[in-house]
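[1] compute the structure for the input listed below.
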Amino acid sequence: MSAAENQPEVQILKFLPYSSTQNLLATTHSNNTPPTQENNENQSMHFDESNTIRVDAFHLKEVSANKVILLNDISLTIPPHTFVVLVGSSGTGKSTLMNALNGLRPAHEGKVLYNGQNYYPHISAFSKQLGYVPQDDIVHRELTVERALYYSAKMRLPADFTTAQIEERINEVLDEVDMKTRRHVLISQLSGGQRKRVSIALELLDKPSIFFLDEPTSGLDPGLDHKMMLLLRRLADKGHTIVLITHATNNINICDYICFLAQGGRLVYFGPPDKARAYFGKSDFAEIYRLLEPDDAHPHAPEQAEERFKASLDYQKYVARPLKEGYTLCSQPDQNVNKDGLPKRGNPWNQFLLLSLRYLELLKNDPGNLLILLLQAPIIALLLVLLIKYGIGNDVFAVNSVVQCPTTATIITATGLPDIPGPINPAVSTTCGRVEKFLKNDPRGKAYAAKRGGTLTALQDFIIEWSGSSPQKILFIMSFTAVLFGCVNAAREIVKEAPIYQRERAVGLRIIPYMFSKIVVLALLCFVQSAILVMIVYIVDPLYQGVFLPALLEAYITMALTALAGLMIGLTVSVVAPSTDRAMSLVPIILIPQVIFSGIVFPLNNWAIQILSMAFATRWSIAALGTTVGLHSDKMGGDNLLRGYAPYHGIIFSIYSQADAVRHLLMMWSVLGAMIILLACVVGIFLKRKDARV
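    Numbers count the residues shown, from 1 in each chain. This next block holds a predicted model:
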């Protein structure tokens, strides 16, 4: 029988479910008589043809950055309601082909048609009809099965769906994947196969016409592999088109078509799996794999297999002729497509609320991690308290500790300079107020003050070097800890759910609500941590000063802004890093410079280093905290925040007025705020760059 005579069989096969296909194959192979048109109509009436997708791929080519061919001019047709499996050795381009077909990563050359319409420019027109399950789980493991489906349903289903309708749809998909009895179980407690079924259930919520699954049976035992394949077979029988990548070939006969790829992204077979054995002359698919591998005896095996298939009757029957039909559809004008090429996005406010609630639930369902996060602040605060009580002494932030003017009984020598306390003339006081009175009331003090240009200026000569060094050290630890809180809290939060983000982004997730759901929830955590740290330190050793607000409130505002800056640093790391492990490896590299360029451990006297230090939150945080408690910059090693600009503008026995100090403190807060906004923009840009389909 010629290939032309076989064509009616092809037209029927592509619309039939698996059981009917097997019966039809048995009938046609036994008597070589094609079924009647009447039978074809009776079989195809099970499906809603208005919600079907036919995929035609023409001359798909993909080349990597280093000029390696990933797809070598592949053309094929995937009929509606069929189960297609992509197989081949590792590195043959299976995932690349799937991503080209579903638009996740469009091919460099070639065209993909969905129902005769050019797909790549109009991805959004079909976004709700596509389901995609990648190799990684696209579910949050800290949610129960039911809650994961609920949040996904609220994200994907129309806004006018009621709670009852959502519950009904959840019941339907759980029934389809046989997971009703596990609905209240945390996903982290499910087996690998069950988690894959939950991922499939998420995609079933909005009833997609076509499913793409990237190795869903990877790592499963043979029994679970068989159950998964039967599940996908049932979905195909219910009207879904299934495109699956797998390395397991034990259950491959369940599918309708098999697409065999060889090295170099070469299509070496496309057709029914039972005919593949006959075509290659092998009884086992493992033998076909070996046949296609190049070796010393057959170095060009992939190229020869590709040429042989393109010259075969099977190619004409299963590829060339169906593609001719697809080319005819291509000539029709695109209709009912979104010309701007962007997917329809949901309401941003509703998405923000939904994502924030989901994030809070995720934190609640992981009590171990939440406990660690909440214990960070009290543990570090208690360590600081121990340092203050047994290492430094009480009243670290008192006026006489922050600014010290040790004087002898005579106060002023004949030279007009402060006495140097010693064994002969011991210091009788460290109170700068006593020196201030001397400069204002004593004739010798008045003369000295006039010579130095004023009382406050003269007073600076009496303040000893490194006066306030102990408070500065405590403030530095607090400032660095605030950055640490934010950075550690956020460093994993985006990268760990990258597959979930990319999938939700493809079905309507907006970037701003997603980003702010992370920022707001983590900011609340940072605010609590900062409050615990500041309050515990304050209870043991109160902050006595302040510029224009109570010292406790000023210190808390600075700590909160610093923690927010650390949070944005952590989110930036998370959005840039390719994996969770890499993100956590980057955290020390980010945090250590916060110590080096704080201006506390090492003086930053070089102007170039000072400019570099402006990029680090601890630099500005220390300046704000030091201003609040009244530190004097010129007594701390001569370091400047800006060239010629002192980092501390405290008002305790200072040359700065309250107005100067207020402006300085507000500027420090503003810089921290600008850093937060700038990093938020960076996070948004990198989130946008993660878009592959939109």
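[2] and the strands in this protein?
    55-63, 69-78, 83-87, 109-114, 117-118, 130-133, 210-214, 241-245, 257-262, 266-271 (DSSP state E).
[3] regarding the chain, what is its longest helix?
    helix 658-689 (DSSP state H).
[4] which neighbouring elements make contact with it?
    Counting by 3 or more CB pairs under 8 Å, 6 or more residues apart in numbering; DSSP states H and E, the packing neighbours recorded for helix 658-689 are helix 511-540, helix 551-576, helix 617-629. C-beta here means a position set from N, CA and C on the backbone, and glycine is covered the same way.
[5] the longest one packs against which elements?
    The criterion is 3+ CB pairs under 8 Å, 6+ apart, and the helices and strands that helix 511-540 contacts are helix 348-364, helix 367-387, helix 469-490, helix 498-506, helix 551-576, helix 658-689.
[6] these: which one's closest to residue 300?
    For those, the distance to residue 300 is smallest for helix 498-506, at 37.5 Å, taking CB to CB.
[7] now that closest one against helix 511-540, angle please.
    Going by axes from the mean of the first three to the mean of the last three CA atoms, to 10 degrees, helix 498-506 is angled at 130 degrees with respect to helix 511-540.
[8] what's in contact with helix 498-506?
    104, 127, 130, 132, 134, 136-140, 152, 155, 343, 494, 509, 511, 514, 687, 690-694 (CB atoms under 8 Å, 6 or more residues apart in numbering).
[9] and what of stretch 347-356?
    In contact with stretch 347-356 (CB under 8 Å, 6+ apart) are residues 151, 154-155, 159, 509-510, 512-514, 516-517, 520-521.
[10] starting at the chain centroid, how far to it?
    How far stretch 347-356 lies from its chain's middle: 17 Å, per CA atoms, centre = their mean, to the nearest Å.
[11] low-confidence ranges in the stretch 501-650 of the chain?
    637-638, 641-644 (pLDDT under 70).
[12] turn the contacts of stretch 347-356 into CSV, columns for distance to residue 316 and neighbour count.
    Putting these into CSV (distance: CB to CB, whole Å; neighbours: other CB atoms under 10 Å) gives the following:
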residue, distance to residue 316, neighbour count
151, 48, 19
154, 49, 21
155, 45, 20
159, 49, 8
509, 44, 21
510, 47, 17
512, 52, 13
513, 51, 21
514, 48, 22
516, 56, 19
517, 53, 20
520, 59, 14
521, 58, 20
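[13] which two of those have the greatest separation?
    159 and 521 (23.1 Å).
[14] convert stretch 390-401 to PDB, retaining C-alpha atoms only.
    The C-alpha trace of stretch 390-401 is given here as PDB (Å, rounded to 0.1, in the frame of the first residue of the first chain):
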ATOM      1  CA  TYR A 390      30.700  42.700  81.800                       C
ATOM      2  CA  GLY A 391      33.100  44.100  79.200                       C
ATOM      3  CA  ILE A 392      32.400  47.900  79.000                       C
ATOM      4  CA  GLY A 393      30.300  48.900  82.000                       C
ATOM      5  CA  ASN A 394      26.900  50.500  82.500                       C
ATOM      6  CA  ASP A 395      25.800  53.800  81.100                       C
ATOM      7  CA  VAL A 396      27.600  53.400  77.800                       C
ATOM      8  CA  PHE A 397      25.400  56.000  76.200                       C
ATOM      9  CA  ALA A 398      25.400  58.500  79.100                       C
ATOM     10  CA  VAL A 399      26.700  61.900  78.400                       C
ATOM     11  CA  ASN A 400      29.900  61.400  80.400                       C
ATOM     12  CA  SER A 401      30.600  58.200  78.500                       C
END
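[15] pLDDT of it, averaged?
    What stretch 390-401 shows for mean pLDDT is 80.
[16] report the buried residues of it.
    Buried residues in stretch 390-401, counted by 16 or more other CB atoms under 10 Å: 392, 396, 397, 398, 399, 401.
[17] what residues does residue 488 make contact with?
    Neighbours of residue 488 in contact, by CB under 8 Å, 6+ apart: 376, 570, 587.
[18] which of those has the most neighbours?
    Counting by other CB atoms under 10 Å, residue 570 has the largest number of neighbours within the contacts of residue 488, with 32 neighbours.
[19] once you drop chain neighbours, what's closest to that residue?
    residue 490 (3.1 Å; CB to CB, 6 or more residues apart in numbering).
[20] burial count for that neighbour?
    28.
[21] and it, how far is that from residue 508?
    According to CB to CB, to the nearest Å, residue 490 stands 25 Å off from residue 508.
[22] one more: residue 561?
    34 Å.
[23] neighbour-wise, which of the two wins?
    Shown here are residue 561 and residue 508; by other CB under 10 Å, residue 561 has more neighbours (25 against 18).
[24] find the nearest non-adjacent residue to residue 387, please.
    In space, residue 387 is closest to residue 474, 7.5 Å off (CB to CB, 6+ apart).
[25] so where's the stretch 351-500 of the chain uncertain?
    408-428.
[26] quick one: pLDDT of residue 8?
    So, for residue 8, pLDDT stands at 36.
[27] check residue 342 too.
    Looking at residue 342, its pLDDT is 46.
[28] what's the domain layout of the chain?
    3-44, 49-344, 349-395+466-689, 405-459 (automatic domain parsing).
[29] next up, the contacts around the most centrally placed residue in the chain.
    The chain has residue 494 as the residue nearest its centroid, 2.2 Å off, counting by CA atoms, centre = their mean. By CB under 8 Å, 6+ apart, the residues touching residue 494 are 501, 518, 571, 574, 575, 683, 687.
[30] let's see it at 10 Å
    By CB atoms under 10 Å, 6 or more residues apart in numbering, the residues touching residue 494 are 501, 514-515, 518, 570-577, 580, 583, 683, 686-687, 690.
[31] select only the buried ones of the residues you listed in ChimeraX?
    The buried subset of those, as determined by 16+ other CB under 10 Å, is captured in ChimeraX by this line:
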select :501,514,515,518,570,571,572,573,574,575,576,577,580,583,683,687
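[32] which one of the helices and strands packed on helix 511-540 lies nearest to residue 146?
    The nearest among the helices and strands packed on helix 511-540, by CB to CB, is helix 348-364 at 11.9 Å.
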